[in-house]
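Novice: Okay, predicted coordinates and the sequence, questions at the end:
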Amino acid sequence: MDKILVSGCFLGQLVRYNGEIKPLSHQLMALWLKQNRFISICPEVAGGLSVPRSPAEINPETSRVINSEGVDVTEAFLFGAKSALDLCHKHMIKFALLKEYSPSCGSLKIYDGSFSNTKKLGQGLTSQLLSSHGIEIFSEETIDQLAEKLDR
Ligand code: SF4
């Protein structure tokens, strides 16, 4: 049975930057939880960042991750991404279900780095690293497509 790497916030873990708990409510989540498919991680917390923490976005010119205080938090994000990849290797994971728009977990769209609530096409650092190692990324927008891929 295929395991799925999942964003910790989707399981209601207290990991989001603003300290809010926001589980992904979907019938597939309940099924996969029951099937014990999930291996969870919050890459930003794994990278050593706190809850709550300042929001961060990827600067489009430098590709560095900068928080709203102007602090460069790229190294923490990279450490978290590597931790996610290590988990995938350890559990032989081919699929990840990650939160869209996050500078770590976003797989199709992220915020544009201007802190103006503007989204653009792009991937967060964890999604970039996992994708480059052949792991397929899905999000809350594409969860149904993931269901079609499992156990083939
Ligand atoms: S880094 Fe990923 S898992 Fe952690 S709170 Fe953000 S979206 Fe959720």
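Specialist: Happy to help now that I have it.
Novice: Spatially central residue for the protein, please.
Specialist: For the chain, Cys105 is the residue whose C-alpha lies nearest the centre (CA atoms, centre = their mean; 2.4 Å).
Novice: so it makes contact with Thr126?
Specialist: Yes. Using CB atoms under 8 Å, Cys105 makes contact with Thr126 at a distance of 5.7 Å. (Glycine included, C-beta is placed from N, CA and C.)
Novice: Mind listing the shared neighbours of those two?
Specialist: Common neighbours of Cys105 and Thr126 are listed as 43, 98 (criterion: CB atoms under 8 Å, 6 or more residues apart in numbering).
Novice: Run through the residues that contact the residue nearest to the centre of the chain.
Specialist: 7, 43, 98-99, 124, 126-127, 139.
Novice: how close does the residue lying closest to Ser139 once chain neighbours are set aside sit to Met1?
Specialist: Closest residue to Ser139 apart from its sequence neighbours, by CB to CB, 6 or more residues apart in numbering: Glu100 at 4.1 Å. Per CB to CB, to the nearest Å, Glu100 is found 25 Å from Met1.
Novice: circling back: among the contacts of Cys105, list the two that are farthest apart in space.
Specialist: Pro43 and Ser139 (14.4 Å; CB to CB).
Novice: So which of those two has more stuff around it?
Specialist: Taking neighbours as other CB atoms under 10 Å, Pro43 and Ser139 compare with Pro43 leading, 32 against 24.
Novice: In three-state terms, label the spatially closest residue to Ser107 that is not a sequence neighbour for me.
Specialist: Spatial nearest neighbour of Ser107, excluding adjacent residues (CB to CB, 6+ apart): Ile137 at 4.0 Å. What DSSP: H, G, I helix; E, B strand; the rest coil gives for Ile137 is strand.
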